[in-house]
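# I would like to see how this sequence folds:
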Amino acid sequence: MSKIPPNIIDEIMQTSRIEEVIGDFVNLKKKGANYMGLSPFTNEKTPSFSVSPAKQIFKCFSTGKGGTVVTFLMEKEHFSYPEALRWLANRYNIAVPEEREPTAEELAQQTEKDSLFIINEFAKNHFADNLWNHEEGKAVGLSYFHERGFRNDIIEKFQLGFSINVSDDLTQNALKKGYKLEFLEKVGLTKTKDDRHFDFFRGRVMFPIHSISGRVLGFGGRTLFTDKKVAKYFNSPESPVYNKSEILYGLFLAKNQIIKQDECFLCEGYTDVISMYQAGIENVVSSSGTSLTKEQVRLVKRYTQNLTILYDGDAAGIKASFRGIDLILEEGMNVKVVLFPDGEDPDSFSKKNSSSELEAYIKSHRQDFITFKSDILLGEGQNDPLKRAELVKEIVHSVGLIPDNITREIYVRQVAQQFDLSEQLINNELAKVRKAVIAKDLQEPEFRQLPNDVNATFQPTAPPTVPEIITEDEILFHREKDLIRVLLKFGAKELSIPTEDGKDSQNISVMEFVHQQLDGDEMNFEHPLFNRIYTLMSVGLAEDTFYESTYFLRMEDQEIVAFVSDIESEVVQISHNWLAKHNIMTKTELEGLHENVIQAVYHFKHFHVDRKLERLRKELTAENTSEENLLLLLAEINVLEQVKCALSGKIGRVILR
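Below you'll find the predicted structure:
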């Protein structure tokens, strides 16, 4: 089924009348500005199903479901998103054109980045057509994939293809279509030497590499020749649309299952991902044979805190991959490791075993990083005291990278037990690591020495004896809800923000401003629902797309849909009496957007800093805390107190314009 152009989607959404469509399924009765009826999703006697023609949304208060007319059809009729749109287009006599390739003239009008995406899409389709319809593609490429055990539906899902072994097949076809040679070269599909143009991937099976939203960024190509002088894999070079350090192969297909399973499996190669996916484990991605980067770890972190690395049984680079584990720990994620038997990798093992056997193996062989690292390194010198000492230092260094204090404490106990050492000794070594980590984070090469009387330096203030009306979690909910609400309603609106020197100003969207503020301070939303929404917004921002309420109202995540529907259903009216009776001008929320955004961001930051300070103060007054840890805690508290003070000042000095 071809894609529906964005302008046609807009026409469908604007033409469709939600009360008419839902009226075919639910007996609706007018009630004020809205319509009410019995929920079509549950058995109820009192109508709780509301339809708003003005906002073009529905809300089912019995089930919490809500959204647009498209969402309703997806829920009620189990349509896919395109099917629901086409159903509506047919009802309202809107012509949906079939997708076609742009002409050379149309392509010339596109921006360079758009042109590169279009060329990659053309190449993907060309390679796929070769695989299924070209004689060489079927005999060589398709046969190879079948020999690897890949089913046809999996080959199609991953959009695999074949570049025939002709020097300029793709290049000539692209040029005939009007695509520019410079763009073909820029994305690495064509190489030029002495005025001769040739295909970079000729004679290779092709693995398209997708963005999170499914756009083709580049390709991996595997040769089927046995010549050792020929590189086994070629990957697209870096380009304006492809940065390999920020991409994970398979994430486009895996992201929903990663969220659902709350875990991501990381393996090495393309075929590892495809075989695992075919075996039923769909929450799997690959670093495409490159060393894991911080950007890739943060990409996974948008969807889950739990990352399990799947290592080949005979992988020569396991030791080098320890750096990847440290990156995961440094981001505060939970990391596990699975080592396959000698001679096996995720690809081969998943083909030799059933889905249930594969899942059982992963479950039973999952190790924490300490056990894994110890097993690997101790295997070389189990009885060598010096090697054991170096191993302990390596592991403590990794533990020291973990930002969460409680998690570090648990690992300290595990290291002490495993190596039969005192916790105090491990903590002493850990303090050195933490001091270096904090100094690096705060860009302060040295900390002052721990004072003789720690308690004289810091005496926690007793909380006021005021009856507790609202819990900390409730405050967290409202602070985070307020900022998410602002992003949903005004994320694409522009703000005028002063530059650092204060001499000028820059125009920036609300979403970009909030993202810069939170990302710069490594802050995130703690409430799971708000974290999911903000993650999707951040993904959209990376794709130069601003996701507003209407986007979230079309999602399958009904918790998100219900929350956004509630936000859209909120009615905030300002009484005209303020002007008529009191001669006081009132401002709409949009008119006061700058102040509202600043307030929401700084209140959010202030609360999270204060929350962290309270945790650190409790640690500071805890028993059996070493002097080294007290030093580090005081340093962190000192910095956070300065940050809190600065935020308090900014909150108090917001000027209403």
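# point out where the stretch 501-650 of the chain drops to low pLDDT.
Along the stretch 501-650 of the chain, segments meeting pLDDT under 70 span 501-503, 554-556, 558, 569-591, 623-629, 633, 640, 646-650.
# where along it do the strands fall?
Under the criterion DSSP state E, counting those that start in this stretch, the stretch 501-650 of the chain contains strands at 505-509.
# got it, and the stretch 251-400 of the chain?
Under DSSP E, counting those that start in this stretch, the stretch 251-400 of the chain gives strands at 264-267, 284-286, 306-311, 334-339, 366-368.
# those strands: which one's closest to residue 133?
Evaluated over those, closeness to residue 133 peaks at strand 284-286, with 28.1 Å, by Cβ to Cβ. (Glycine included, C-beta is placed from N, CA and C.)
# can you put the strands of the stretch 251-400 of the chain in JSON lines and add distance to residue 158?
Output for the strands of the stretch 251-400 of the chain, formatted as JSON lines (distance: least, Cβ to Cβ, whole Å):
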{"stretch": "strand 264-267", "distance to residue 158": "14"}
{"stretch": "strand 284-286", "distance to residue 158": "12"}
{"stretch": "strand 306-311", "distance to residue 158": "18"}
{"stretch": "strand 334-339", "distance to residue 158": "23"}
{"stretch": "strand 366-368", "distance to residue 158": "26"}
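# against residue 258, how distant is the closest residue to residue 294 other than its chain neighbours?
Using Cβ to Cβ, 6 or more residues apart in numbering and skipping the chain neighbours, the partner closest in space to residue 294 is residue 327 (5.4 Å). The gap separating residue 327 from residue 258 is 18 Å, by Cβ to Cβ, to the nearest Å.
# now residue 431
Going from residue 431 to residue 258 by Cβ to Cβ gives 36 Å.
# compare neighbour counts for those two and give me the winner.
Comparing residue 431 with residue 258 by neighbour count (other Cβ atoms under 10 Å), the higher total belongs to residue 258, at 22 against 19.
# which SSE is immediately downstream of the worst-scoring helix or strand of the chain on mean pLDDT?
Least confident helix or strand of the chain, by mean pLDDT, DSSP states H and E, is helix 454-457 with a mean of 36. Scanning forward in sequence from helix 454-457 by DSSP states H and E, the next helix or strand is helix 472-490.
# got a list of what the residue nearest to residue 294 touches?
Taking Cβ atoms under 8 Å, 6 or more residues apart in numbering, we find residue 327 in contact with 292, 293, 294, 297.
# what do you get if the cut-off is 7 Å, keeping everything else the same?
For residue 327, the contact set (Cβ atoms under 7 Å, 6 or more residues apart in numbering) comprises 292, 294, 297.
# ok, the residues you listed vs residue 162, which is closest?
Closest approach between those and residue 162, by Cβ to Cβ: residue 292, at 29.3 Å.
# what about the residue nearest to the closest one when sequence neighbours are not counted, how many residues nearby?
Among residues not flanking residue 292 along the chain, residue 324 sits closest, at 3.5 Å (Cβ to Cβ, 6+ apart). By other Cβ under 10 Å, the residues close to residue 324 number 20.
# which SSE is residue 208 in?
Assigned by DSSP H and E, residue 208 falls in strand 204-210.
# what residues sit buried inside that strand?
For strand 204-210, the neighbour count (16 or more other Cβ atoms under 10 Å) marks 204, 205, 206, 207, 208, 209, 210 as buried.
# got JSON lines for those residues, with distance to residue 514 and pLDDT too?
What follows is these, written out as JSON lines (distance: Cβ to Cβ, whole Å; pLDDT from 0 to 100):
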{"residue": "204", "distance to residue 514": "43", "pLDDT": "93"}
{"residue": "205", "distance to residue 514": "43", "pLDDT": "95"}
{"residue": "206", "distance to residue 514": "39", "pLDDT": "95"}
{"residue": "207", "distance to residue 514": "36", "pLDDT": "96"}
{"residue": "208", "distance to residue 514": "33", "pLDDT": "96"}
{"residue": "209", "distance to residue 514": "30", "pLDDT": "94"}
{"residue": "210", "distance to residue 514": "27", "pLDDT": "91"}
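# which one of those residues is nearest to residue 37?
residue 210 (41.3 Å).
# gap between the closest one and residue 526?
30 Å.
# same question for residue 75.
Relative to residue 526, residue 75 is positioned 29 Å away (Cβ to Cβ).
# more crowded one of the two?
Counted by other Cβ under 10 Å, residue 75 and residue 526 do not tie: residue 75 has more neighbours, with 21 against 14.
# contacting residues for that one?
Going by Cβ under 7 Å, 6+ apart, residue 75 touches 41, 65.
# again, only this time at 10 Å
Residues near residue 75 by Cβ atoms under 10 Å, 6 or more residues apart in numbering: 40, 41, 58, 60, 63, 65, 66, 67, 84, 556, 558, 561.
# buried among those residues? Make that a ChimeraX selection.
Command for ChimeraX that selects the buried part of these, burial taken from 16+ other Cβ under 10 Å:
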select :40,41,58,60,63,65,66,67,84,558,561
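# figure out which of the strands of the stretch 251-400 of the chain is closest to residue 6.
For the strands of the stretch 251-400 of the chain, proximity to residue 6 was assessed by Cβ to Cβ; strand 284-286 is nearest, at 28.2 Å.
# return the distance of the closest one from the chain's centre.
Relative to its parent chain, strand 284-286 has a centroid offset of 13 Å by Cα atoms, centre = their mean, to the nearest Å.
# now do stretch 600-612
With Cα atoms, centre = their mean, you get 23 Å for stretch 600-612.
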